[in-house]
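> When you get a sec, could you give me coordinates for this:
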Amino acid sequence: MSEADVDLVRRGFEALEVGDAEALIPLVHPGFEMTTPAGLAAEPDTYRGQEGVRRYFDSFYEAMDEVGIRAGGFEDLGGGRVMTPSTLRARGRSTGLVAEQSLVLVWVIKDSLAYRLHVFATEAEARAATA
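Numbers count the residues shown, from 1 in each chain. Okay, here's the model as predicted:
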């Protein structure tokens, strides 16, 4: 088990819990990539590098007053991969409505930084894709 990989992902979630997306930047590999799948995002897109991380969160904060993501646990899958069942919670800026979505994130670590982030609807999907 790579405690360093799990610790990196845990530090990322801790930064997000206090609403500091900018604190993620030092944890992100320059070659980082994340795609938000069509079935799980209103506006599917691919985000690359540190600027992509900023763009992802900027787009959220344009429409939302509050955005939070909490990990339900951290599982080292080996090979530089960490799985985190997570809950995304956001409150609409204009509507005030709160939306909550369950996700399973699989982080790929390279050079001690977050290199890829894969987003799945269920743990079964995440396990099948990473088997």
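> Helix, strand or coil: sort out residue 77 for me.
Under the three-state scheme (DSSP: H, G, I helix; E, B strand; the rest coil), residue 77 adopts strand.
> Was I right to think it contacts residue 130?
Yes: Residue 77 lies in contact with residue 130 (Cβ atoms under 8 Å); the separation is 5.8 Å. No exception for glycine: its C-beta is placed from N, CA and C like everyone else's.
> shared neighbours, the two?
Listed as contacting both residue 77 and residue 130 by Cβ atoms under 8 Å, 6 or more residues apart in numbering are 83, 106.
> These two: who's more crowded?
Comparing residue 77 with residue 130 by other Cβ atoms under 10 Å, the one with more neighbours is residue 77, at 18 against 15.
> Do you know the pLDDT at that one?
In this model, residue 77 is scored at 96, pLDDT.
> Could you measure from it over to residue 128?
Separation of residue 77 from residue 128 (Cβ to Cβ, to the nearest Å): 12 Å.
> what about the residue lying closest to residue 93 once chain neighbours are set aside, helix or strand, and which?
In space, and not counting its chain neighbours, residue 93 is closest to residue 65: 4.9 Å by Cβ to Cβ, 6 or more residues apart in numbering. According to DSSP states H and E, residue 65 maps onto strand 64-71.
> For that strand, buried residues please.
Within strand 64-71, the residues that count as buried by 16 or more other Cβ atoms under 10 Å are 64, 67, 69, 71.
> hey, where'd the helices end up in the protein?
3-17, 49-63, 123-130 (DSSP state H).
> closest one to residue 83 among these?
Of all these, helix 123-130 sits nearest to residue 83, with 5.8 Å by Cβ to Cβ.
> Remind me what the closest one packs against, helices and strands.
Applying 3 or more Cβ pairs under 8 Å, 6 or more residues apart in numbering; DSSP states H and E, one finds that helix 123-130 contacts strand 81-92, strand 98-110, strand 113-120.
> Any chance of those in JSON lines with distance to residue 30, mean neighbour count and mean pLDDT as columns?
Listed next are those as JSON lines, based on distance: least, Cβ to Cβ, whole Å; neighbours: other Cβ atoms under 10 Å; pLDDT from 0 to 100:
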{"stretch": "strand 81-92", "distance to residue 30": "19", "mean neighbour count": "18", "mean pLDDT": "92"}
{"stretch": "strand 98-110", "distance to residue 30": "10", "mean neighbour count": "17", "mean pLDDT": "94"}
{"stretch": "strand 113-120", "distance to residue 30": "8", "mean neighbour count": "19", "mean pLDDT": "96"}
